[in-house]
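A.B. asks: no sequence on this one, just coordinates:
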């Protein structure tokens, strides 16, 4: 009987150096759901050139209007997803008090509730895997995994995220990958 894979919900996937030429090259993906039906995640280090208010046609609170919109992944690039903190403890949460949402009305309500400790990041599109697909990619060493933290998700500059996590792993292979040039022809 095949072993049921462990859920990676709340984990980060890092390009392990084998995704060159794909949209996942040097990405950090937060896994929001992972079960026998597949997996769903959001790319944390792909900010777009757009602000949320320039893309969403809605009466957004100012706190949301001026946020940078992130490219969450290649699947359904017009699909809305967002991560927010301040959620009550629930098994539905991705990590601690952080939950993923998809409803515009809920996002607007979150933006109107002013709380100093609330953090929100908004995405267009997502990363998705069919049943067993992510598990196969992990067996092929396409991804490295690391535990997610709220600091990594919300406070680390996206341009530094992939390298910072690799360097923090402490092994020479990860440090070598982190310090490799974007294009190996530059070497």
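C.D. replies: On my side now, so go ahead. Keep in mind that what you see is a predicted model, and the values were worked out from it rather than measured.
A.B. asks: burial of residue 117, as a residue count?
C.D. replies: A count of nearby residues for residue 117, using other C-beta atoms under 10 Å, gives 7. For every residue, glycine as well, the C-beta is placed using N, CA and C.
A.B. asks: which residue, other than its chain neighbours, is closest to it?
C.D. replies: residue 86 (6.3 Å; C-beta to C-beta, 6 or more residues apart in numbering).
A.B. asks: in a strand, that neighbour, correct?
C.D. replies: No: Residue 86: not assigned to a strand; according to DSSP: H, G, I helix; E, B strand; the rest coil it is coil.
A.B. asks: next up, the contacts around it.
C.D. replies: Neighbouring residues of residue 86 by C-beta atoms under 8 Å, 6 or more residues apart in numbering: 97, 110, 115, 117, 118, 119.
A.B. asks: mind listing the residues bridging to residue 28?
C.D. replies: Beta-bridge pairing for residue 28 (DSSP bridges): residue 14.
A.B. asks: wait, it touches residue 43, no?
C.D. replies: Yes: counting by C-beta atoms under 8 Å, residue 28 does reach residue 43; the two are 7.1 Å apart.
A.B. asks: the spatially closest residue to residue 182 that is not a sequence neighbour: neighbour count?
C.D. replies: Residue nearest to residue 182 in three dimensions, not counting chain neighbours: residue 26, with 7.6 Å by C-beta to C-beta, 6+ apart. Residues within reach of residue 26, counting by other C-beta under 10 Å, total 19.
A.B. asks: quick one on the thing from earlier: residue 28 and residue 43: which is more packed in?
C.D. replies: A count of neighbours by other C-beta under 10 Å puts residue 28 above the other of residue 28 and residue 43, at 28 against 23.
A.B. asks: quick one: residues contacting that one.
C.D. replies: Applying C-beta under 8 Å, 6+ apart, the residues near residue 28 are 12, 13, 14, 15, 43, 44, 45, 152, 161, 162, 165.
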